[in-house]
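Colleague: How does the following fold in three dimensions:
(one chain, ligands or ions: 1)
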Amino acid sequence: MFPLPHLGICVILISKSCRKCVKHMKLDTKCLHAGYTPKNGEPRQIPIIQSTTFKYDTSEDMGKLFDLEASGYFYTRLQNPTNDAVAARIAALEGGTAAMLTSSGQAASFYAIFNICSCGDHVVSSSSIYGGTFNLFADTMMRMGIDFTFVSPDCSDEELNAAFRPNTKAVFGETIANPALTVLDIERFAKAAHAHGVPLIVDNTFATPILCRPFEWGADIVTHSTTKYMDGHASAVGGCIVDSGKFDWNAHADKFPGLTTPDESYHGITYTERFGLEGAYITKATAQLMRDFGSIQAPQNAYLLNLGLESLHLRMRRHCENAQAVAEYLEQHPKVAWVNYCGLPSNKYYALAQKYLPDGCCGVVSFGVQGGRAAAELFMKNLKLASIVTHVADAKTCVLHPASTTHRQMNDEELVAAGVGPDLIRFSVGIEDKEDILADLQQALAVL
Ligand SMILES: *Cc1c(COP(=O)(O)O)cnc(C)c1O
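Modeller: Okay, here's the model as predicted:
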């Protein structure tokens, strides 16, 4: 018998005893052990519970699950034991109290906001975010009646505070933004969010909890595209939401009626009353949003994600070491016009990176070559080891020229306005031997 199907929707929050037993573990150990402890004779690796549904002896037993009165699984569109074990591991890495996996990073961003926002509400977001997230916010969610104000991550405190409205429900930003590579001043944004009675949601995809744990700086909710470093092997699309359990929804009950007043679609349960501050947010997202939208991660993908997590600490260290070497090499190369990497002392975000990312600045470097767009295309064509893909944050070095691929519908002027100049090359440094990566860059630059 597998040990997993005992959690379930009523105890989706990571149990106190479990939190206590992983608390003493170092981060590297958590990558391998948090979230799943097999008992005598049980599988060493997290089992894939490849089942859409779960069997009960009586209808009465099952009825209690639907009312959130008993714990247990009933249907994989809402919850699956494999997913919950992997989510618990990520929660432990981030230092949170509850977590859920989603089918993609996009689903995680959408759920994270929509769980506390309805039509007529408003969100303050950093303008320096992933393009897909920007489309989700500025187009799709705007059409749902949720308004967004975008502020520069470098805005003054006055500008930041001026962005709030009485109907603001959250603040959103990325630790290290994709692709602009700006660094969010998490403490400053958290302070502003809390002064206005709303939580700070941080997309921690590029940093991962190995390099930065936003909860330690005041963030309340963390999201991930696990598709990137967490999976790390370009094998499974996925997302995750983690709750710190620290935001006091009750102190701002009028702003968050979905959490603090009875949910009629769940027999009048009040999430904060029933599941406490540590469980209310994720339980609501599971019971309502997963039930209605069903963007669950496949258990098979959760299994692959977990394999990635087991080496995340080793890979992140190597990504950072290699990327630092690549950035330093490029910065002194005469054919390189500019380099953007917050691990370089010349970088605008160096001081923030020293504070929030003391162990490294992830593996993504962007730069431009002398000669602009044409030279960038020629350079890319000549790379041998680095592969041209739209992906980033992979074990294998990969590279993208947005102007001729993902952003090709834009003219040069629009590209500059979007912060993705026609010469920008996004270089995602892998975990190969850095001598081979540097040699590849050297030979491709020599052609220019
Ligand atoms: C890729 C990415 C996303 C979207 O994730 P998907 O898994 O592709 O849906 C969100 N945020 C950041 C920072 C990303 O890099």
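Colleague: Contacts only, for the residue of the chain found nearest the ligand.
Modeller: When distances are taken as C-beta to the nearest ligand atom, the chain reaches nearest to the ligand at Gly105, 2.2 Å away. The C-beta positions use only the backbone N, C-alpha and C, and glycine is treated the same way. Each residue near Gly105 by C-beta atoms under 8 Å, 6 or more residues apart in numbering is listed here: 130, 132, 203, 205, 223-228, 237-239.
Colleague: 7 Å - rerun?
Modeller: Contacts here follow C-beta atoms under 7 Å, 6 or more residues apart in numbering; on that basis Gly105 touches Thr205, His224, Ser225, Thr227, Gly239.
Colleague: quick one, helices of the stretch 251-400 of the chain?
Modeller: Along the stretch 251-400 of the chain, the segments classed as helices by DSSP state H, counting those that start in this stretch run 257-260, 271-284, 291-293, 299-309, 312-331, 350-356, 372-382.
Colleague: For the longest one, could you pull out the residues that count as buried?
Modeller: It stands for helix 312-331. Within helix 312-331, the residues that qualify as buried by neighbour count (16 or more other C-beta atoms under 10 Å) are 312-313, 315-320, 322-331.
Colleague: now the second one
Modeller: Buried positions in helix 271-284, judged by neighbour count with 16+ other C-beta under 10 Å: Tyr271, Thr272, Phe275, Leu277, Glu278, Gly279, Ala280, Tyr281, Ile282, Thr283, Lys284.
Colleague: Excluding chain neighbours, what is closest to the fourth one?
Modeller: If you skip the residues right next to it in sequence, Leu277 has Gly245 as its closest partner in space, 5.6 Å away by C-beta to C-beta, 6 or more residues apart in numbering.
Colleague: And the helix or strand harbouring Asn83, what does it pack against?
Modeller: When elements are assigned from DSSP states H and E, Asn83 belongs to helix 81-94. In terms of contacts (3 or more C-beta pairs under 7 Å, 6 or more residues apart in numbering; DSSP states H and E), helix 81-94 is packed against helix 27-33, strand 98-102, strand 239-243, helix 299-309.
Colleague: ok so, going back, I'd like the helices of the stretch 251-400 of the chain as CSV, with distance to Ala162 and mean pLDDT appended.
Modeller: Compiled in CSV, the helices of the stretch 251-400 of the chain are given as follows (distance: least, C-beta to C-beta, whole Å; pLDDT from 0 to 100):
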stretch, distance to Ala162, mean pLDDT
helix 257-260, 26, 98
helix 271-284, 28, 94
helix 291-293, 34, 95
helix 299-309, 40, 98
helix 312-331, 35, 98
helix 350-356, 22, 98
helix 372-382, 37, 94
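Colleague: what are the ranges of the helices in the stretch 51-200 of the chain?
Modeller: According to DSSP H, counting those that start in this stretch, the stretch 51-200 of the chain carries its helices in the segments 59-66, 81-94, 105-114, 131-135, 142-143, 157-162, 186-195.
Colleague: Could you tell me the average pLDDT over the fifth one, please?
Modeller: So that's helix 142-143. The average pLDDT within helix 142-143 is 98.
Colleague: contacts for it?
Modeller: Phe148.
Colleague: among the contacts of Gly105, which ones are buried?
Modeller: Among the contacts of Gly105, those classed as buried by neighbour count (16+ other C-beta under 10 Å) are Thr205, His224, Ser225, Thr227, Gly239.
Colleague: Among those residues, which lie within strands?
Modeller: Cross-referencing those against strands under DSSP state E gives His224, Ser225, Gly239.
Colleague: can I assume Ala234 sits in a strand?
Modeller: No - Ala234 is assigned coil when assessed by DSSP: H, G, I helix; E, B strand; the rest coil, not a strand.
Colleague: Next one: it from Asp292, what distance?
Modeller: Using C-beta to C-beta, to the nearest Å, Ala234 is found at 31 Å from Asp292.
Colleague: So the two - more neighbours on which side?
Modeller: Just comparing Ala234 and Asp292: by other C-beta atoms under 10 Å the higher neighbour count belongs to Ala234, 17 against 11.
Colleague: Identify the residues contacting that one.
Modeller: His391, Asp394.
Colleague: Get me the contact residues on the stretch 1-150 of the chain for the ligand.
Modeller: Applying C-beta under 6 Å from any ligand atom, we find that the stretch 1-150 of the chain lies next to the ligand at Ser104, Gly105, Gln106, Ser109, Tyr130, Gly132, Thr133.
Colleague: With that, I have no additional questions.
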